[in-house]
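In: sequence-free structure coming up:
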């Protein structure tokens, strides 16, 4: 259970002057091995980037990347308080805190875990159907540059995914695996972990071809959850925090602690199994066969033809 960690991180994030360095210091004091903060400037303001490493004990074990996706934690001064869009960062940072505390208590994982996100209490909003989205002070290219690291051998991208009408489910869901422009089958290992954690039948969020292309092509995207797949050849799986109704990313009072805790617990369990080489995000042999039959689809990682 990671409810304590969710509450601890929420306390740090739910304020008008939330800062990346305050979160970083808290994580260091609780056993995080490496925490870096970076002020990232954009056209619409700035945000505090966070990069966290929780070290494993086996240098040969695989490294898992965990990305907390969001535009901002708050939309001040337009909206008062923590907004729905901040759930991705809240989940990722709660996982970082849990893993750091596990290390201190002797439950160190085999491989390194890299967690990245950013802290912005006053992000702008933008129009989107069926409900408004949170925007970000930095563009997607800058966000990917900060959050998608070469060392990540597989990536879980966590994002609030409530502003749509294609998945009416309250809780968290996972996506098919995205790799180098291909939308692959859903990982059986991840489905099993999800069902164990939730105690319910697994729920999978649909993915379209547009969703896995860069934002810069101006096509419709469900949100930014799959944008890490644009900047990495590692397999990417979305962990989407969802609701039965369409909820705006800039809505306050829309964070459900039970859903955050469940999603975070899923991510922690994936970290255990993946770094122990007991969890595959995709079938490597089948992927090779796909490329042999149909060639590279890396063009979908680019903005396309102008």
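Out: That came through fine. Remember, predicted model here, so these are calculated numbers, not experimental data.
In: partner residues bridging the closest residue to residue 200 other than its chain neighbours?
Out: Leaving aside its sequence neighbours, residue 200 sits nearest to residue 171 (Cβ to Cβ, 6 or more residues apart in numbering; 7.7 Å). From N, CA and C alone the C-beta is placed, and that goes for glycine too. Under the criterion DSSP bridges, residue 171 forms beta bridges with residue 242.
In: count the neighbours of residue 171 for me.
Out: 17 (other Cβ atoms under 10 Å).
In: that one and residue 10, how far apart?
Out: Distance of residue 171 to residue 10, computed by Cβ to Cβ, to the nearest Å: 18 Å.
In: element containing the residue nearest to residue 28 when sequence neighbours are not counted, please.
Out: Excluding the flanking residues, the one nearest residue 28 by Cβ to Cβ, 6+ apart is residue 35, at 5.4 Å. Using DSSP states H and E, residue 35 sits within strand 34-42.
In: all strands of this protein, in order?
Out: Under the criterion DSSP state E, strands of the chain are mapped to 34-42, 45-54, 64-68, 113-119, 125-126, 133-134, 154-160, 171-174, 178-179, 182-183, 236-242.
In: compare the ones you listed and say which comes out lowest on pLDDT.
Out: Of all the strands of the chain, the minimum mean pLDDT falls on strand 133-134 (a mean of 76).
In: separation between the closest residue to residue 139 other than its chain neighbours and residue 102?
Out: Spatially, and ignoring its direct neighbours in sequence, residue 139 is nearest to residue 42 (6.3 Å; Cβ to Cβ, 6+ apart). Noted for residue 42: a distance of 34 Å to residue 102, by Cβ to Cβ.
In: who has more neighbours, these two?
Out: Higher neighbour count among residue 42 and residue 102: residue 102, with 18 against 14, using other Cβ under 10 Å.
In: ok now do the closest residue to that one other than its chain neighbours, which residues does it touch?
Out: In this structure, residue 102 finds its nearest non-sequential neighbour in residue 108, 7.2 Å apart by Cβ to Cβ, 6+ apart. Residues near residue 108 by Cβ atoms under 8 Å, 6 or more residues apart in numbering: 55-57, 102.
In: one more pass at 10 Å, please.
Out: 54-58, 99, 102, 275 (Cβ atoms under 10 Å, 6 or more residues apart in numbering).
In: with residue 205 instead?
Out: 161, 164, 166-167, 169, 172-176, 186, 211, 222, 225, 238-240, 242.
In: pull the residues that contact the lowest-mean-pLDDT helix or strand in the chain.
Out: None of the helices or strands of the chain scores lower by mean pLDDT, DSSP states H and E than strand 133-134, at a mean of 76. Outside of strand 133-134, the residues within contact range by Cβ under 10 Å, 6+ apart are 70-75, 79, 83-86, 120, 123-128, 160, 163, 221, 223-224, 248-251.
In: low-confidence stretches in the stretch 101-250 of the chain?
Out: Along the stretch 101-250 of the chain, the parts satisfying pLDDT under 70 run over 131-132.
In: list the buried residues in the strand holding residue 35.
Out: Neighbour-count burial for strand 34-42, counted by 16 or more other Cβ atoms under 10 Å, picks out 35, 37, 40.
In: which among those gets closest to residue 285?
Out: residue 35 (37.9 Å; Cβ to Cβ).
In: would you list the phi and psi of residue 153?
Out: Here is the backbone geometry of residue 153 (degrees, to the nearest 10): phi -90, psi -20.
In: which residues of the stretch 1-150 of the chain fall in helices?
Out: 3-13, 20-29, 87-104, 140-147 (DSSP state H, counting those that start in this stretch).
In: so which of the ones you listed gets nearest residue 282?
Out: Across these, closest to residue 282 is helix 140-147 (Cβ to Cβ), at 20.6 Å.
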